Structure formats: C-alpha cells, structure tokens
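Undergrad: Sequence and predicted structure, then a few things I'm wondering about:
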Amino acid sequence: MKEGSYNNLYRLPINHILEGGSGSWELINTTGNVPPPISHHNGQIFGDKLYIFGGLVRLDDSNENLYSLNLKTFQWKIETCKSSPKGRDDHAGCCSTDGDIMYIFGGYVEGGKSNDLW
C-alpha cells in the first residue's frame, strides 16, 4: 500500500557539503497554488522553476496537474497545457539538454503499468 504523502519543500546547500563542510536541511515556506500532499511524483528544474507532475494524492488517485514553483519567490502555480498525459505515479521524467522540453515516461496509470512517452 502506498501512503504517507506530504507537501513540504526542503533545501540543502550542496556546494557547502562538496567543499568539505556540513549542511542542514531547511524547511521552505511556499505560497500560491500549493500542491496537495503528494508522493510518487516526478520533478524537473527548468531555469528558475521546479516543475512537478503526477504522483499520488490519495491511495488510488493520481495528480493530473503540472505545478511549477518559482525558486526565487517560492510561489506555486498550476500550469495550463494544451494536452497532457493522464495522471500517473512512479513514472520517469527528464528535461531536454536545452531545457525547453519535459519528457514523461511510463508509471502507473489508472492502476496499471504504462509505457507511453509524452
């Protein structure tokens, strides 16, 4: 059973750790159209925004929205897309090297395994 969704955002100063120091996770307060508690989602960074797609919002209910978080203001927004994949969880995602295309592959869609590519 999948459970335990959260909608907290944390950050860790990686450069400090790479330079031999230690770091601590910091809870970030966000505003705007904050996603519901969610798990098993996928996130990608384009420029100064974090994009979240899919994931479980309830036991058998997948998120169908594309959320963006401005990493400078920490404000969430629901993005409008002309077409989008069905909600899914446990999928893979990546960005093109020039950062203008987000790809989503597979995952669980409506309770079954999928191998579609968007």
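TA: Cool, the structure landed.

Undergrad: next helix or strand past the longest strand seen in the chain?
TA: Criterion DSSP state E: the longest strand present in the chain is strand 102-109. Toward the C-terminal end, the helix or strand that comes next after strand 102-109 (DSSP states H and E) is strand 112-117.

Undergrad: Relative to the whole chain's centre, how far out is the longest strand of the chain?
TA: Relative to the chain's own centre, strand 102-109 is displaced by 12 Å; criterion: CA atoms, centre = their mean, to the nearest Å.

Undergrad: Quick one: find the helix or strand in the protein with the lowest mean pLDDT.
TA: None of the helices or strands of the chain scores lower by mean pLDDT, DSSP states H and E than helix 14-18, at a mean of 68.

Undergrad: about what we covered before: tell me the buried residues in the longest strand of the chain?
TA: Burial within strand 102-109, assessed by neighbour count using 16 or more other CB atoms under 10 Å, is assigned to Met102, Ile104, Phe105, Gly106, Gly107, Tyr108, Val109. Bear in mind the C-beta positions are built from the backbone N, C-alpha and C, glycine included.

Undergrad: of all the residues you listed, which two lie farthest apart?
TA: Within the buried residues of strand 102-109, Met102 and Tyr108 form the most distant pair, 19.1 Å apart (CB to CB).

Undergrad: just to revisit the earlier point, between the buried residues of strand 102-109, which is closest to Ser68?
TA: Nearest to Ser68 out of those is Met102 (CB to CB; 10.7 Å).

Undergrad: How confident was the prediction at the residue nearest the centre of the chain?
TA: Centroid-nearest residue in the chain: Ile52, 2.5 Å away (criterion: CA atoms, centre = their mean). We have a pLDDT of 91 for Ile52.

Undergrad: Tell me the residue in this structure that is farthest from the middle.
TA: In the chain, the residue that sits farthest from the middle, by CA atoms, centre = their mean, is Gly20; the gap is 29.2 Å.
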